[in-house]
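# curious how this folds, go ahead:
(one chain, ligands or ions: 1)
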Amino acid sequence: MAFENDTALRQLIRKAALLNAVSHDGKAQAGAMVGKILGERQDLRTKVKELSGVINAVVNEVNSLSFAEQKAIVEENWPETQKKEKVEEKRLPPLPNADKYPVIVTRFSPNPDCVLHLGSARAIILSHEYARMYDGKFILRFEDTDPKIKRPSLIFYNSIREDLKWLGCKVDEEYIQSDRLPIYYNYTERLIRDGNAYACECPPEEFRKKILAKEPCACRILSAAENLERWSRMLGGGYAEGQAVVRVKTDLENPNPAVRDWPALRVIDTKKCPHPRVGSKYIVWPLYNLAAGLDDHLMGITHIIRGKEHYTNMVRQKYMYDYLGWTYPEAIHYGRLKITGAFLSKSKIVQGIRECIYTGFDDPRLGTFAALRKRGITPEAIKKMIIEVGIKSNDVTLSWENLYSLNRKILDASSNRYFFVPEPVELKVLQVPKPFTAKLPLHPEKPERGFREYTITPECEEKTASFWVSKKDAEMMENGKVIRLMELFNIQAEGEMDNQATATFISESYEDVRKIKAPLIQWIPKGEEFPCQVVMPNASVTEGFAESACKKLKPDEIIQFERFGFTRIDAVNQKLIAYYAHK
Ligand SMILES: [Zn+2]
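Alright, predicted model coming up:
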């Protein structure tokens, strides 16, 4: 060869071949390289033939390396050529007045009356993310002071802790409001003693009329001493449920009637409705604004991050803060985040489960974290979605597809590929000339992950090989149609009848059928099938066969069934049970 000793040229070609190979699934294309080399070495224009010889030799050499080896060489020698996927992490905007506080403290404060769902994701992730961003503290506070209407349930305390853990939100401190009633009582007494709160005995309708007219009720004008007496009667059981309410005084002229003299504590008959944690130990229970308002200050919360439906609560609580001489934390009220088609109403979830419409809190039709986890939606995708939306106060409507596409990006890189044949139909391929071994990569871009291997050995004189293919694929096998069994060989269909399809072997190389755009279908050799059920997002079940390599999968693994979708493995026993995430 004319250029045998031209090491500079050989190196130039070698680099070009390696770069070409890593961008073409490990197979460099010699044809594409001649022009490229000539562009850099114009002196060779008259020697194209010899040059092609060298290029072919180098390309063969490079193509004999594994994809992993090629990648390693390129990364080591020319890392600049390998574009790192640009990580444009969306960052949250800075918190207002962050430098006013030595430590940033945020909180998430759920009522443990249901499992958490996507609707809570914003409060959780933003609060946690900000605490981490400022090296601060993230507090979990269970707001469980309604033993009657929004009654907490013991199982949910734990499921909420689990959900936060799964979301990657580390809790620095945890409080449970039902442990803190004496604290709320103390401050209530102080508010009453100072004339800033009163125990109101008015029937609700009567009180409403007064307050709409911006007039004080009879209780409001009683002395502090008289109100303190009513207060101790409340604590001592002297009032039945509904007979007395402690109200915090506000400006009666406040333009919003819902703010005026808001209710702070009420009597609940805990003999009838015992609290799941403290039973009937207390009969006076704080309402939301008193307990949350006091706790935010007492727990040192610096930034409250919550939905804008809480704006009025801030207005109410600020009166109490003024009476106690406290400064209200920074409050950020974000807009509503709606996910179209997600079932996010707590009461509907609980009711649906009670009526056995849903199989449980992880029913795939629900937008609960438990359901999303079961389906293989990653917490990283949820977090990304929330951070991308940010803390804007305008309402945002997202679709499931928004979440799926973020999740797909994460899973695409991490999930191994397998074949699944829904509604299997037998396919007989005739005239298979010799045994074939298919080496199917677990991940097309990550050969280092390994392969699944199936050997197809034709049987008897007719040289028949039998497969399972999906019903849908079998139905397109009208006579004469050319199809490629992915990574195996090309066949010509002869038709499908009575759940059996027949075809004839044509050739092995994909190149033969690439031009005519033959459909590529997944297949499972007969005998290598593993029964599989995929639970779909609408809770229907798709039955079929997975390939036998799936017997080695472990629960919680998320894989991609090629041409079907991403699924999370739920159980591997006599059968594979998987939950469908998305395409
Ligand atoms: Zn009254």
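
# how many neighbours does G279 have?
Residues lying near G279 (other CB atoms under 10 Å) number 11. (Glycine included, C-beta is placed from N, CA and C.)

# could you number the chain from 49 rather than 1 from now on?
Shifting the count to begin at 49 puts that one at G327.

# pLDDT wise, what is it at?
Listed pLDDT for G327 reads 98.

# one more: M81?
Looking at M81, the pLDDT reads 84.

# what comes up buried for the host helix or strand of it?
Secondary-structure assignment from DSSP states H and E places M81 in helix 79-88. Neighbour-count burial for helix 79-88 flags 81-82, 84-85 (criterion: 16 or more other CB atoms under 10 Å).

# hmm, who's touching it?
Outside of helix 79-88, the residues that reach it under the criterion CB atoms under 8 Å, 6 or more residues apart in numbering are 57, 60-61, 64-65, 68, 92-93, 96, 99-100, 103, 107.

# only the buried subset of the residues you listed, as a PyMOL command please.
Per 16+ other CB under 10 Å, the buried members of the contacts of helix 79-88 correspond to this PyMOL selection:
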select buried, resi 57+60+61+64+65+68+92+99+103+107
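
# name the nearest of the contacts of helix 79-88 relative to R268.
Using CB to CB, N68 comes nearest to R268 of the contacts of helix 79-88, at 84.0 Å.

# which strands or helices does the strand or helix carrying that closest one pack on?
Per DSSP H and E, N68 falls inside helix 55-70. Contact analysis of helix 55-70 by 3 or more CB pairs under 8 Å, 6 or more residues apart in numbering; DSSP states H and E lists helix 79-88, helix 96-111, helix 115-125 as its packing neighbours.

# can you redo these as JSON lines with distance to V583?
Output for those, formatted as JSON lines (distance: least, CB to CB, whole Å):
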{"stretch": "helix 79-88", "distance to V583": "46"}
{"stretch": "helix 96-111", "distance to V583": "43"}
{"stretch": "helix 115-125", "distance to V583": "35"}
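
# between these, which gets nearest to the ion?
Closest to the ion of those, according to CB to the ion: helix 115-125, at 76.2 Å.

# what pairs with the helix or strand that the closest one is followed by, parallel or antiparallel?
Scanning forward in sequence from helix 115-125 by DSSP H and E, the next helix or strand is strand 153-156. If you go by DSSP bridges, strand 153-156 pairs up with strand 185-190 (parallel).

# what's the partner strand in contact with?
Against strand 185-190 from outside (CB under 8 Å, 6+ apart): 151-160, 175-176, 179-180, 200, 205, 208-209, 212, 217-226, 343, 347-349.

# quick one: which of these sit in helices?
175-176, 179-180, 205, 208-209, 212, 343 (DSSP state H).

# thinking again about what came up before, extract the C-alpha set from the helix holding M81 and format it as CSV.
Output of helix 79-88 as CSV, limited to C-alpha atoms (Å, rounded to 0.1, in the frame of the first residue of the first chain):
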residue,chain,number,x,y,z
GLY,A,79,-17.8,5.4,2.4
ALA,A,80,-18.6,8.5,4.4
MET,A,81,-14.9,9.0,5.3
VAL,A,82,-13.1,9.4,1.9
GLY,A,83,-14.5,12.9,1.4
LYS,A,84,-13.7,13.9,5.0
ILE,A,85,-10.0,12.8,4.7
LEU,A,86,-9.7,14.4,1.3
GLY,A,87,-10.9,17.6,2.8
GLU,A,88,-8.0,17.6,5.2
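
# that helix versus helix 96-111: what angle between them?
Per axes from the mean of the first three to the mean of the last three CA atoms, to 10 degrees, the angle that helix 79-88 makes with helix 96-111 is 120 degrees.

# the ion contacts on the stretch 149-298 of the chain?
Residues of the stretch 149-298 of the chain lying close to the ion by CB under 5 Å from the ion are 248, 250, 265, 267.
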